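Trainee: coords please:
(chains A and B)
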There are 2 protein chains.
Amino acid sequence: MRAQDMTEAPDSFLPVTENATGAGPLLLACEDASNAFLPQWDDLGLNPDQARAHIAGNQGALGLAHGLAERLHATLTHAPVSGLIYDLNRGPDMAGAMRSRSEVHDIPGNAALTRAQPLARTHAVYLPWAYGLRSLICSRIASGRRSVVISIHSFTPVHHGKPRAVEFGLIHDADPTLALDIVAAATGSNLNVALNQPYSAADGVTHTLRLQATPYGLRNAMLEVRNDLITTPEAVESMADRLAPILTHAIAAHHAEVA
Amino acid sequence: MRAQDMTEAPDSFLPVTENATGAGPLLLACEDASNAFLPQWDDLGLNPDQARAHIAGNQGALGLAHGLAERLHATLTHAPVSGLIYDLNRGPDMAGAMRSRSEVHDIPGNAALTRAQPLARTHAVYLPWAYGLRSLICSRIASGRRSVVISIHSFTPVHHGKPRAVEFGLIHDADPTLALDIVAAATGSNLNVALNQPYSAADGVTHTLRLQATPYGLRNAMLEVRNDLITTPEAVESMADRLAPILTHAIAAHHAEVA
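Mentor: Residues are numbered from 1 along each chain as shown, chains lettered A, B, ... in the order given. The predicted structure is shown next:
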């Protein structure tokens, strides 16, 4: 079924997939990877400072995803448009899918959505993403390749005025196995590591894992890195160097178990 | 990503959707609705008696789904090809997706699948179904319509030589609310009603609900009717007459709660 009213966003935006032939067991998803606002969404009414802050936050997560994909021979799929247009780690039933306020500023273009707009954005952005990631996952399963799924995010060092000590958070959906394995592998890494920090599944942040990994019994985790640690290309590469052996170790242990 | 080898099944089979404009809150899914084997799957090697038995079983479930869709103003989506080619209530990770043996007979066309065949069938049948049902569900959510999801199946009165007393089974995934409401509404109906009979989620039979309803917080249930009660068009209509007020009552109670 096509939406009846697609006037706001007539196009469909497919997820961007890189390293599709990566031979490793890891499939990386980066929902907060794009700065594209696009004319049909009129930049959501953000001013240049707000847009720059949004862009800076995303660059770290996508850069880290690239760095890990390269080091772990992983396939990476990431968002084609800004998460402020549609947050791909949220279902259309969740208020955060098209949020009208981030932590520190209003998002004018989301403040008074018409009845047709959520439907148009769901069809243009959410459904193609959900299909694309499912197609990747099910192709691997049907080809007899075992996979683990990790979604990559970054978070702010200060939230509503409170500093956050955690630097590397692992969040899980129903199955904690991989998140626990990564926490164990990170012990002694000099990173401040924590399970289910700065958020947990109870905050509704595991939609991608719940939709794409849990129903197929795939081990999965959500990885959160504090964004002040990945502000420059050099810092991103350094963090990828630190995290790659941790993830490799945790995934290899699991991969041997299920292979 | 497209499958590399689509030679077995070059086409994509979209789910069949009826009564898409149905104004009721119910969305019905019927995975075992089709008798289409299609030349590219060479009838799976079944003999005419086996094919007839398969066809008879499906006719009851689809007929009942039609009857309920009409009575409850529900949208119905159903499978476009035989569940023996791909059982749409199974993920590609599950052995039952392309089963090589049913209860009583072997399925030659599934006995020795090549490495390419599961991938081709997943792309041709499973992924379009999963996308189509998700599109229906998310369109309703994004349009502000609350929905409940029910999948409809039938089961044999005798299984491996043992008769089954249950006539109307309600099975739930993580959230038992709707299944319990239907069981309660069916009390006094003269049907032998049971919760999580003749199967339960532990048997891996709630894939559709787990994939499509649970992640969006939609109330859901799987409905199983003993197929000796729905062998003729008249019996199907009679069963639809009996079940319609039960489902209407259970859904209305819930719909008021969430509206």
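Trainee: could you give the separation of stretch A:133-148 from the chain centroid?
Mentor: Here stretch A:133-148 is found 18 Å from its chain centre; the criterion is Cα atoms, centre = their mean, to the nearest Å.
Trainee: close to chain B, is it?
Mentor: Yes. Among the residues of stretch A:133-148, A:R134, A:S135, A:L136, A:C138, A:S139, A:I141, A:A142, A:S143, A:G144 lie within reach of chain B under Cβ under 8 Å from any Cβ of the partner chain. Glycine gets a C-beta too; all of them are placed from N, C-alpha and C.
Trainee: and stretch A:207-216, anywhere near chain B?
Mentor: Yes. On the criterion Cβ under 8 Å from any Cβ, stretch A:207-216 is in touch with chain B at A:H207, A:R210, A:L211, A:T214, A:P215, A:Y216.
Trainee: ditto for stretch A:39-59
Mentor: No. Stretch A:39-59 lies apart from chain B when judged by Cβ under 8 Å from any Cβ; the minimum separation is 15.7 Å.
Trainee: contact partners of that stretch?
Mentor: A:8-11, A:32-35, A:37, A:81-85, A:102, A:105, A:107-111, A:154, A:156, A:227, A:231 (Cβ atoms under 8 Å, 6 or more residues apart in numbering or on different chains).
Trainee: swap the cut-off to 6 Å and go again
Mentor: For stretch A:39-59, the surrounding residues in contact (Cβ atoms under 6 Å, 6 or more residues apart in numbering or on different chains) are A:A9, A:D32, A:N35, A:F37, A:L84, A:I85, A:H105, A:I107, A:P108, A:G109, A:N227.
Trainee: for the residues of stretch A:133-148 next to chain B, give me a markdown table that also has secondary structure, pLDDT and neighbour count.
Mentor: Converted to a markdown table, the residues of stretch A:133-148 next to chain B look like this (DSSP: H, G, I helix; E, B strand; the rest coil; pLDDT from 0 to 100; neighbours: other Cβ atoms under 10 Å in any protein chain shown):
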| residue | secondary structure | pLDDT | neighbour count |
| --- | --- | --- | --- |
| A:R134 | helix | 97 | 21 |
| A:S135 | helix | 96 | 22 |
| A:L136 | helix | 96 | 21 |
| A:C138 | helix | 97 | 23 |
| A:S139 | helix | 96 | 22 |
| A:I141 | helix | 96 | 22 |
| A:A142 | helix | 96 | 25 |
| A:S143 | coil | 94 | 17 |
| A:G144 | coil | 92 | 9 |
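Trainee: would you list those residues in CSV and tack on distance to A:V125?
Mentor: Shown next, in CSV, are the residues of stretch A:133-148 next to chain B (distance: Cβ to Cβ, whole Å):
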residue, distance to A:V125
A:R134, 15
A:S135, 16
A:L136, 17
A:C138, 21
A:S139, 22
A:I141, 25
A:A142, 26
A:S143, 28
A:G144, 32
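Trainee: just give me the closest of those to B:D203.
Mentor: Distance to B:D203, by Cβ to Cβ, is smallest for A:I141 among the residues of stretch A:133-148 next to chain B, at 19.9 Å.
Trainee: show me the contacts for that closest one.
Mentor: Neighbouring residues of A:I141 by Cβ under 6 Å, 6+ apart: B:P92, B:D93.
Trainee: what of A:A201?
Mentor: Per Cβ under 6 Å, 6+ apart, neighbours of A:A201: A:D173.
Trainee: next one, pLDDT for it please.
Mentor: In this model, A:A201 is scored at 93, pLDDT.
Trainee: quick check on it: phi, psi?
Mentor: Dihedral angles of A:A201 (phi, psi; degrees, to the nearest 10) stand at phi -60, psi -30.
Trainee: now the strands for the stretch 101-250 of chain A?
Mentor: A:148-155, A:158-159, A:162-163, A:168-171, A:193-195, A:220-226 (DSSP state E, counting those that start in this stretch).
Trainee: those: lowest mean pLDDT?
Mentor: Looking at the strands of the stretch 101-250 of chain A, the weakest mean confidence is strand A:158-159, a mean of 88.
Trainee: sorry, back to before: which of the residues of stretch A:133-148 next to chain B sits closest to B:A186?
Mentor: Of the residues of stretch A:133-148 next to chain B, the one sitting nearest to B:A186 (Cβ to Cβ) turns out to be A:R134, at 35.0 Å.
Trainee: can you tell me how far the closest one is from B:H207?
Mentor: 13 Å (Cβ to Cβ, to the nearest Å).
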